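[1] here is my input; please provide its structure:
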Amino acid sequence: GAHSFVAVRDVIQRRCIQCHAAHPTDTQFTVAPAGVMFDQPEVIQRMAARIKERAVVSKTMPFGNKTNMTDEERALLGAWIDQGAKIDQ
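    Here you go, the predicted model:
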């Protein structure tokens with residue numbers, strides 16, 4: 001479905017993983033902010049509430065929206081989290 005983990009992971013790969021990874025590719029953040037790394041699905045699931053707070057509610061992530069996350073992408077993340085943040089679909 002539209003809120004499948006495949007779609008969510010795609011958004012995270014495009015908008016978040018530049019900084020939030022074991023080996024960030026971002027030039028400004030050479031270490032993952034707050035030690036949060038989204039390389040593994042289980043971590044994304046475990047951090048779901050924080051992802052919602054930062055990327056969906058307050059929109060303070062991505063930092064300065066430097067990866068141009070769209071409102072649609074934010075809504076998709078929020079809907080996935082609200083539906084239980086399942087990573088097996």
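[2] for this structure, give me the ranges with low pLDDT.
    In the predicted model of the chain, residues 1-2, 89 satisfy pLDDT under 70.
[3] any idea where the helices of the chain begin and end?
    For the chain, applying DSSP state H gives helices covering 5-15, 41-46, 48-51, 71-82.
[4] to Gln28, which of those lies closest?
    Closest to Gln28 of the helices of the chain, according to CB to CB: helix 5-15, at 15.1 Å. Glycine gets a C-beta too; all of them are placed from N, C-alpha and C.
[5] with just CA atoms, put that closest one into PDB.
    Backbone C-alpha positions of helix 5-15 (Å, rounded to 0.1, in the frame of the first residue of the first chain) are rendered in PDB as follows:
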ATOM      1  CA  PHE A   5       7.600   0.300   4.600                       C
ATOM      2  CA  VAL A   6       9.100   0.200   1.100                       C
ATOM      3  CA  ALA A   7       7.700   3.700   0.400                       C
ATOM      4  CA  VAL A   8       8.800   4.900   3.800                       C
ATOM      5  CA  ARG A   9      12.300   3.600   3.400                       C
ATOM      6  CA  ASP A  10      12.500   5.200   0.000                       C
ATOM      7  CA  VAL A  11      11.800   8.600   1.600                       C
ATOM      8  CA  ILE A  12      14.300   8.000   4.300                       C
ATOM      9  CA  GLN A  13      16.900   7.000   1.700                       C
ATOM     10  CA  ARG A  14      16.300  10.200  -0.200                       C
ATOM     11  CA  ARG A  15      15.900  12.700   2.600                       C
END
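[6] got the angle between that helix and helix 71-82?
    Here the directions of helix 5-15 and helix 71-82 differ by 130 degrees (axes from the mean of the first three to the mean of the last three CA atoms, to 10 degrees).
[7] span of stretch 42-53 from start to end?
    By CA to CA, to the nearest Å, the extent of stretch 42-53 from end to end equals 18 Å.
[8] so what's the gap between that stretch and the chain middle?
    8 Å (CA atoms, centre = their mean, to the nearest Å).
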